[in-house]
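>>> after the sequence you'll find the predicted model.
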Amino acid sequence: MKGYVDLWVRVSDELDKIADIAWIMGYKYVGIEDHGYKWKVKVVNRVRFIKRITIEARTEKEIRERVRGIKVEYPIVAVKPLSIQVARFAARDGRIDLVVLDRDTIQYIDKTQAGMMKQYRKPLEVCINCFLKASSREKGMMFRRLRLFQHYSVPIIYSSGASSWNELIHPHGVTTLVSTLLGIPRSSVIYGLASLPLEILVRNGIG
Amino acid sequence: MDYGILIYIALALSIASILAIAVLYSSIRRLREQVKLIVSRKVEEALSRTKRIRKRYIVFTIISEHEFNRKEIEKAVRRKLAVLYGLINLAKADPQLVFYDPKLKRGIIRTSHIMKDYVIAALTTTREINGKKLLIIPVKTTGTIKRAKKIMYTIKTKT
C-alpha cells in the first residue's frame, strides 16, 4: 500500500503543520482546497499536497461554464450539487472526479443519482467533519444515503474536510468511526481511504 | 391334525408383536423427546453463558501546544463517547485513563475488548479540551499494561 489519502483539507495556511500531522497519521497525499496557490502539486515534509477545487453550482449552465478548461489548473475537481440537474450532470461528466455528500447536498443525492453514479463509476465523497457537525436529522439522512450507495456498490471516498489542523482524522479513527456508526464494512472503508483516491490521482497524472 | 390351535397361536403371536411394536415406538418417542430437551437445554446454557470480557490498553499520543491533566483528558473522551454512541455504550466501554505522561504527552486508556473501536473513534474525534485545541492519535492497542507502557516509551513517532 502506498499510504492513505485525504482528498479534502480546507486549511489555507499552516501547510507545514498539516504536513507533519498528516505524515504522523500515515497520509501521503493531501488534497488541499485552492486558496490562490500557483502550484498544482507541492511536496511539504514528504507529504504531497494536491490542489483541488470544489464547485458549488445551482444550474446546469453554471456548472458547464465553470467546468470548462478546469482540468488544466486543478488535478482534482469535486462538485457540490445544489440542484438535481447539477447532480446528474456531475455524475456523467468525465472532468468531474467527485460528487460531495454533505449537509447542503443531501437532498439532491437520491436513488436515481446512485444508479447513475454506479453506471459512470463516479465516486461519492463523504466529508467526515461535515457528518460530525451535522444535526441528528441530517446525520440520519446521510446514514440512509450512505447505506443506499453501499448497496448500489457506488465507490465511496472518505475525506476529513478539515478546516483547521485539529480536524484531521487518523485513518484508523475513520475506519472505526464509519464501521461502528454507519455499519459499513471495514475493508470498504479502507478501500475508500487508500486505493480508490489513489486511483483518481493516478488517473489525473499524480501518484 | 388340528389346525385351529395353530391359527390361534399365530393370531396371538401377531397381536403380541403389534403390542411390542407399539410399546417400542412410544418408548423411542419418549427417548427422542428427552434427547431433544437435553440438547436444547445445552444450547440455551451455551447461549446464556457470556464470554469473558478482556481488557484492552490503547496507547495514544496528543498533539497540542497546551498542557492537559489526566482528569481533563478522561472527561473529554468520555463526553465524546457519550455524544457519539450514547450513555449505554459509554457504560459498556468505561474508558479509564490509567497512565499519562505529561512530558511525552502520551497515555494509556483501558477499556474492554468489545468496545475498543468505539473508544478509538471517540479518541480521534476529540478536538478540544476547555477551548484548547488538540489532536489525539491512537498509536497501538495491547492486552497488557506492561506491554502498553513498553510501547509508550519505546515507539517513535514518524519525524
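Perfect, thanks for sending it.

>>> longest strand in chain A, please.
Longest strand in chain A, counting residues (DSSP state E): strand A:47-57.

>>> mind giving me the packing neighbours of that strand?
In terms of contacts (3 or more CB pairs under 8 Å, 6 or more residues apart in numbering or on different chains; DSSP states H and E), strand A:47-57 is packed against strand A:4-9, helix A:15-25, strand A:27-33, strand A:41-44, helix A:60-67, strand A:76-81. For glycine as for every other residue, the C-beta is placed from the backbone atoms N, C-alpha and C.

>>> nearest to chain B, of the ones you listed?
Proximity to chain B (CB to the nearest CB) singles out helix A:15-25 among the helices and strands packed on strand A:47-57, at 5.4 Å.

>>> look up how far B:I28 lies from B:L19.
Separation of B:L19 from B:I28 (CB to CB, to the nearest Å) stands at 15 Å.

>>> quick one on the thing from earlier: restricting to C-alpha, output the longest strand of chain A in PDB.
The C-alpha coordinates for strand A:47-57 follow below in PDB (Å, rounded to 0.1, in the frame of the first residue of the first chain):
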ATOM      1  CA  VAL A  47       3.600  14.800   2.000                       C
ATOM      2  CA  ARG A  48       2.300  15.600  -1.400                       C
ATOM      3  CA  PHE A  49      -0.300  18.400  -1.500                       C
ATOM      4  CA  ILE A  50      -2.600  18.400  -4.500                       C
ATOM      5  CA  LYS A  51      -4.600  21.400  -5.400                       C
ATOM      6  CA  ARG A  52      -8.300  20.800  -5.600                       C
ATOM      7  CA  ILE A  53     -11.400  22.800  -6.400                       C
ATOM      8  CA  THR A  54     -14.900  22.200  -5.000                       C
ATOM      9  CA  ILE A  55     -17.500  23.800  -7.300                       C
ATOM     10  CA  GLU A  56     -20.900  24.700  -5.900                       C
ATOM     11  CA  ALA A  57     -23.500  25.200  -8.600                       C
END
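
>>> now do it and strand A:27-33, the angle between them.
Calculated by axes from the mean of the first three to the mean of the last three CA atoms, to 10 degrees, strand A:47-57 forms an angle of 30 degrees with strand A:27-33.

>>> taking chain B, what residue is nearest to chain A?
For chain B, CB to the nearest CB, closest residue to chain A: B:T124, 2.6 Å.

>>> number of nearby residues for the nearest residue to that residue once chain neighbours are set aside?
With sequence-adjacent residues excluded and distances taken as CB to CB, 6 or more residues apart in numbering or on different chains, B:T124 is closest to A:G173, at 2.6 Å. Around A:G173 there are 24 other residues, counting by other CB atoms under 10 Å in any protein chain shown.

>>> then A:I53?
Residues lying near A:I53 (other CB under 10 Å) number 17.
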